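S.K.: Fold the stuff below for me.
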Amino acid sequence: MRALLLVGPGVALNLDLLRQGLKEDVTKNSYPKEEGIAVFDCGREPDWAWAEYTIVAGECEIGRHHFDLKIGKAEDIASQVIDTLSVLEDSTVDEGTDAE
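M.R.: Below is the predicted model:
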């Protein structure tokens, strides 16, 4: 899985919780070597084509780009990201595209 998580100003996000909950490589303002979660601060210009899924947390202007999920600043962002990506990953494995 390759997910892009854009984090708006003032959003608190526990990267270690994401790593533990998803068992994925989580990087900040860079990309994992192969697959994982790339967390970028809002205002940076990520490689939109890299991600299979894009999640926006808090207020973040992404222009014409598509996002799969938007999470409010006051919500439990780490839990929402873990739950959403777990479901998406499970559905992909069920379809046989990522089955080992």
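S.K.: And the contacts of stretch 13-28?
M.R.: 1, 5, 7, 32-40, 57, 77-79, 81-82, 85-86 (Cβ atoms under 8 Å, 6 or more residues apart in numbering). (Each C-beta comes from the backbone N, C-alpha and C, glycine too.)
S.K.: filter those to the buried ones?
M.R.: 1, 5, 7, 32, 36-40, 57, 77-78, 81-82, 85 (16 or more other Cβ atoms under 10 Å).
S.K.: right, and out of the residues you listed, which lies closest to residue 49?
M.R.: residue 38 (12.2 Å; Cβ to Cβ).
S.K.: Make sure that closest one is indeed in a strand.
M.R.: Yes: under DSSP: H, G, I helix; E, B strand; the rest coil, residue 38 falls within a strand.
S.K.: Nearest spatial neighbour of it, chain-adjacent residues omitted?
M.R.: In this structure, residue 38 finds its nearest non-sequential neighbour in residue 31, 4.8 Å apart by Cβ to Cβ, 6 or more residues apart in numbering.
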